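1. Dropping the sequence and predicted coords here.
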Amino acid sequence: MESPKPLPPIAGRGAPTNLRPTRTGSLERAADGDWLDEAEAIDGDAPRLRTTVTVEHPKTIIARNNSPDIGFDRSINPYRGCEHGCIYCFARPTHAFHDLSPGLDFESRLFAKPDAAKLLRAELAKRNYRVAPMAIGTNTDGYQPIEREWGITRAVVEVLAETRHPLIITTKSDRLLRDIDLLAAMAKDGLIGVAVSVTSLDPALARTLEPRAPHPRRRLAAIRRLIDAGVPTQVNISPVIPAITDHEIEAIMAAAAEAGAIRASYILVRLPHEVAPLFRAWLAAHYPDRADKVMHMIRDIRGGRDNDPNFGTRMKGRGVWADLIRTRVKRAAREHGMDRKFPPLRCDLFRPPERDGQMELF
């Protein structure tokens, strides 16, 4: 399949299009205050696409999964959509459930869940709750720019710290350093593990791949700060994109090792549902000279399709290119001492929160 006709990039955004028409809801929205939203007032350019936030009131906050490909069965998403704007984000299709586009809407029309901590406290207080590591940031990033104003992720972490509940955080933002007091305290009891994602060390490439995520060097500095505070932290080279970022595997591994990361992991790029045409449009806009080559390699890794949804192969891929990337990652991790297992998180320290204002008798 040939690449689509290039669409002009949109400043400060990842997707070059909204992919399809959408219906606009009537919920009141507020700007999130990100500095890019103020660009028009600062430099007088043409109006930019503003980020808006809708308050969402779900009935529960813990999402469950039974995937054998990931090491947790429960997670919390304080937000829907993600302003980081990563063009490759596999969570983009979830916006379609709100009759919004997985394209620009996903990164500019966000949902916040201010009741998350309250809901979490209620769910952890249930008599039949059984403890296992909770994950934050595996769908959309809990430390995206709007966390600065809303603080929902911090409120959730406060509840988990209070109840001594094990937690896994995945992020590509150094904003989690604002919570380092909580994370360091949890680390002393073996309750926390952090994965910081680094896709590329090239700031120019990062600006187009993940336009509102922090500079790669800031993420590496965050790894150092976390390690120095005693928080077990790994680097997640994710996603690896053939012919775009795969040449940086060894360099990212070396930089993460220098920052003190204790382990390395990776995920090959995934293009489910609407992500595939968005990614093709991004390639046509930024890498027209190799767009067809990139998609050919991705399809080879995914068994001849844009995406492989099957358990067991969807994260690692298959075929010659997948094997080569896997070998390079393993060799580089071994060379830098980052091929060890992550320290197990403790589940025996959990203390249920008060239920209806009453402490447990036994």
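-> Nice, I can see it.
2. those helices in the stretch 151-300 of the chain, which residues are they?
-> All helices of the stretch 151-300 of the chain, identified by DSSP state H, counting those that start in this stretch, fall at 152-162, 180-188, 203-209, 216-228, 249-259, 275-286, 291-301.
3. Dump these to CSV, plus mean neighbour count and mean pLDDT.
-> Placement of C-beta: from N, CA and C, glycine included. What follows is the helices of the stretch 151-300 of the chain, written out as CSV (neighbours: other C-beta atoms under 10 Å; pLDDT from 0 to 100):
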stretch, mean neighbour count, mean pLDDT
helix 152-162, 21, 98
helix 180-188, 17, 98
helix 203-209, 16, 95
helix 216-228, 19, 98
helix 249-259, 19, 98
helix 275-286, 22, 95
helix 291-301, 19, 97
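4. could you redo these as TSV and give each row distance to V240?
-> As requested, the helices of the stretch 151-300 of the chain are arranged in TSV below (distance: least, C-beta to C-beta, whole Å):
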stretch	distance to V240
helix 152-162	27
helix 180-188	27
helix 203-209	12
helix 216-228	15
helix 249-259	7
helix 275-286	14
helix 291-301	10
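5. of all the ones you listed, which lies closest to F350?
-> Proximity to F350, assessed across the helices of the stretch 151-300 of the chain by C-beta to C-beta, is greatest for helix 152-162 (9.7 Å).
6. how far out from the middle of the chain is the closest one?
-> A distance of 18 Å separates the C-alpha centroid of helix 152-162 from that of its chain, computed with C-alpha atoms, centre = their mean, to the nearest Å.
7. ranges for the strands of the stretch 101-250 of the chain?
-> Counting by DSSP state E, counting those that start in this stretch, residue ranges of the strands within the stretch 101-250 of the chain are 109-112, 134-136, 167-171, 192-197, 233-240.
8. dump the residue contacts of the residue nearest the centre of the chain.
-> In the chain, the centroid-proximal residue (C-alpha atoms, centre = their mean) is D141; its distance is 4.3 Å. Listed by C-beta atoms under 8 Å, 6 or more residues apart in numbering, the contact set of D141 reads 79, 82, 84, 170-173, 213.
9. burial of H247, as a residue count?
-> Residues contacting H247 under the criterion other C-beta atoms under 10 Å number 12.
10. Return the alpha-carbon coordinates of stretch 117-133 using PDB.
-> Only the C-alpha atoms of stretch 117-133 are listed here, as PDB (Å, rounded to 0.1, in the frame of the first residue of the first chain):
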ATOM      1  CA  ALA A 117      -8.900   9.100  44.500                       C
ATOM      2  CA  LYS A 118     -12.300   9.000  46.200                       C
ATOM      3  CA  LEU A 119     -13.400   6.100  43.900                       C
ATOM      4  CA  LEU A 120     -10.100   4.300  44.500                       C
ATOM      5  CA  ARG A 121     -10.400   4.600  48.300                       C
ATOM      6  CA  ALA A 122     -13.900   3.000  48.100                       C
ATOM      7  CA  GLU A 123     -12.800   0.200  45.900                       C
ATOM      8  CA  LEU A 124      -9.800  -0.700  48.100                       C
ATOM      9  CA  ALA A 125     -12.100  -0.700  51.100                       C
ATOM     10  CA  LYS A 126     -14.300  -3.500  49.700                       C
ATOM     11  CA  ARG A 127     -14.100  -6.700  51.800                       C
ATOM     12  CA  ASN A 128     -13.400  -8.900  48.700                       C
ATOM     13  CA  TYR A 129     -10.500  -6.700  47.400                       C
ATOM     14  CA  ARG A 130      -7.300  -8.800  46.700                       C
ATOM     15  CA  VAL A 131      -4.000  -7.000  46.400                       C
ATOM     16  CA  ALA A 132      -1.800  -7.000  43.300                       C
ATOM     17  CA  PRO A 133       0.300  -4.300  41.700                       C
END
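11. re the thing from before, return the member of the contacts of D141 nearest to G337.
-> When the contacts of D141 are compared for distance to G337 (C-beta to C-beta), T170 wins out at 21.7 Å.
12. Could you check how far that closest one is from G142?
-> 9 Å (C-beta to C-beta, to the nearest Å).
13. Over to A251?
-> Following C-beta to C-beta, the distance that separates A251 from G142 is 27 Å.
14. so where's the stretch 251-362 of the chain shaky on pLDDT?
-> In the predicted model, the stretch 251-362 of the chain carries pLDDT under 70 at residues 355-362.
15. Sketch out the strands for it, chain order is fine.
-> According to DSSP E, counting those that start in this stretch, the strands that the stretch 251-362 of the chain contains are 264-268.
16. Tell me, how many residues neighbour the closest residue to I180 other than its chain neighbours?
-> In space, and not counting its chain neighbours, I180 is closest to A229: 5.5 Å by C-beta to C-beta, 6 or more residues apart in numbering. Counted with other C-beta under 10 Å, the burial measure for A229 works out to 15 neighbours.
17. ok, back up a step: for the contacts of D141, which one is nearest A322?
-> A322 has its nearest neighbour among the contacts of D141 in T170, at 21.8 Å by C-beta to C-beta.
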